[in-house]
Structures are given as structure tokens and as C-alpha cells.
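Undergrad: The sequence and its predicted three-dimensional model are supplied below.
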Amino acid sequence: MTALLRSLLYAAIFYPATVVLVLIGIVATLIGRRPTLAVVLGWVDFHHLLAERVLGIRTRVDGTIPSGPYLIAVKHQSMLETMEMVRLTHLPVIVIKKELADIPLFGRMTRRYGVIAVERSAGAKALRALMDEGRKALETGRPVIIYPEGTRVRAGETPPLRSGFAALYRALGLPVVPVAVDSGRLWGRGLIHRSGTVTFKVGQTIPPGLKREEVEARVHAAINALELGPQPSA
């Protein structure tokens, strides 16, 4: 019952506030990138406080995420890490689904912020577009975040990496920082989110220039490093 009440309160605060912040962000895009980045940073900081104080979800980083131009590959189990990683890496370029970047007004804000918009298909045209946008991201000097499994998965699931990861790794020529996350234990697909601690485990940096099979195997193992970890109490 406590988890339900916390979750309802969180939703009642976060989603209306997000609508307001998106509208502010859209106005900010007319001014420039710096104001847009400031709005996004305020949004993720606000979400962090809300998750901690309303939902009772704390975050713990095991290791150090380096600053600068890295390709950061993250396990994706919930919305929590998509928000927290923006905060932890201080406004990275983010690989997102193209349909999100094509949403009127919101899409303008995401592109002004800095994203790599990719199509779901693994066709040659989609991969070429991914590589072209990846090269543009290099010019910013910001880290690039990708969720290499391509979609959110349930806790315990370890699907293979999508082909887009290897294409971006090759195009950027950057070292990879893999990050394992166990948020799915607390933040499932439903409405209710349970309190507890979410761990972000930073794996060993993987050098650029490896063969596809090797880099995919190393990233897959690293981002799934927490899948056999201890389960939270009910």
C-alpha cells in the first residue's frame, strides 16, 4: 500500500511538471542550445530528488564514469536510468528512437539538446544515418549514451545487442564505458515502484578498434554484471 501511494504521488507531481518543463524547453530552443541544456539539466535534477524523496529510490554508483568523449553503453530496465545517466554524465548526446525525435515541438527540443536519432530497422540506410549523426556528435566533445539492447528489458533478461551499437562504435572510434543497472528490480513496467537502492556498476573501459564479435561480447557481459545480484526484500 505504501508503494502504491508513493507511486501515485510521484506520478501526480512528475508528469504535470514534465509538461510544463517541456513547454519551457520548447521556448528555450528559440534562444539557443545553452538554455535548452539548462532546462534538461533542471528536469533530470528534479526527477532525481522526486525519486529519492517521494519513491524512496536511492542510486549508488559503483566505479567512476569518466568525463569527456566516450561511448557509454548502458543496460536499460526502466525510465530511471535514462534520467539518471543524463545527470551523472552531465548532459551527454543520447541515442534515441527516431520517432521520438520526429514528435512535433518535442522533437525540436531533443534535436537542439543533442541526440542521435535512429530508426528501428537495421537496414543499410538506417545504419548510414546512424553513423553520420554519430560523427556530428563527435564535434561536440560530449559523451554519447547508447542503450545497446535497443529497448527496455525486464530484470533478468539479457538479449543480444542490436547491430546499431557496433555501427556506432565503428563510426565514432571512441572507447566504450559499459554500465550495468539493476533498476528493474524496483521499477517495473507497471505503475508501482518500490523503494530501495539502484546500483550503476561501471565496467572496465573497452578500447576502440576491436572486432565486432569481441566488443559486443565484452559489452554484453559488462552491462549484465548485476543480473545475478541480490534481490531486494519485499
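TA: It's in.
Undergrad: buried sites along stretch 84-99?
TA: Residues 84-89, 91-96, 98 are the ones in stretch 84-99 that count as buried (16 or more other CB atoms under 10 Å). C-beta here means a position set from N, CA and C on the backbone, and glycine is covered the same way.
Undergrad: and which of those is nearest residue 141?
TA: residue 93 (9.8 Å; CB to CB).
Undergrad: All the helices of this protein, residue numbers only.
TA: 2-29, 33-50, 79-88, 98-101, 106-113, 124-138, 163-172, 212-223 (DSSP state H).
Undergrad: Packing partners of the fifth one?
TA: So the one you mean is helix 106-113. In terms of contacts (3 or more CB pairs under 8 Å, 6 or more residues apart in numbering; DSSP states H and E), helix 106-113 is packed against helix 2-29, helix 33-50, helix 98-101.
Undergrad: Just the residues contacting that helix, thanks.
TA: With contacts defined as CB atoms under 8 Å, 6 or more residues apart in numbering, helix 106-113 is touched by 22, 25-26, 28-29, 33, 36-37, 40, 91, 94, 96, 100-101, 117.
Undergrad: Just the buried residues of those.
TA: 25-26, 28-29, 36-37, 40, 91, 94, 96, 101, 117.
Undergrad: Can I get the lowest-mean-pLDDT helix or strand in the chain as CSV, trimmed to CA atoms?
TA: Ranked by mean pLDDT, DSSP states H and E, the weakest helix or strand in the chain is helix 124-138, scoring a mean of 75. Only the C-alpha atoms of helix 124-138 are listed here, as CSV (Å, rounded to 0.1, in the frame of the first residue of the first chain):
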residue,chain,number,x,y,z
ALA,A,124,21.7,0.0,-44.7
LYS,A,125,20.0,3.4,-44.9
ALA,A,126,19.3,3.5,-41.1
LEU,A,127,22.9,2.4,-40.3
ARG,A,128,24.3,5.1,-42.6
ALA,A,129,22.2,7.7,-40.9
LEU,A,130,23.3,6.5,-37.5
MET,A,131,27.0,6.7,-38.5
ASP,A,132,26.5,10.2,-40.0
GLU,A,133,24.8,11.6,-36.9
GLY,A,134,27.4,9.8,-34.7
ARG,A,135,30.2,11.7,-36.4
LYS,A,136,28.4,15.0,-35.8
ALA,A,137,28.2,14.1,-32.2
LEU,A,138,31.9,13.8,-32.0
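Undergrad: Mind giving me the packing neighbours of it?
TA: For helix 124-138, the elements it packs on are strand 115-118, helix 163-172, judged by 3+ CB pairs under 8 Å, 6+ apart.
Undergrad: For the spatially most central residue of the chain, list the residues it contacts.
TA: Nearest to the mean C-alpha position of the chain, counting by CA atoms, centre = their mean, stands residue 82 at 3.3 Å. The neighbourhood of residue 82, defined by CB under 8 Å, 6+ apart, consists of 76, 147.
Undergrad: So what's the residue count around residue 159?
TA: The number of residues packed near residue 159 is 12, by other CB atoms under 10 Å.
Undergrad: any idea how far residue 212 is from it?
TA: Look at residue 159 and residue 212: by CB to CB, to the nearest Å, they are 17 Å apart.
Undergrad: Run the chain-centre distance for stretch 20-37.
TA: 20 Å (CA atoms, centre = their mean, to the nearest Å).
Undergrad: cool, and stretch 191-206?
TA: Relative to the chain's own centre, stretch 191-206 is displaced by 12 Å; criterion: CA atoms, centre = their mean.
Undergrad: Over to that stretch now: how far is its first residue from its last?
TA: End-to-end distance for stretch 191-206: 36 Å, by CA to CA, to the nearest Å.
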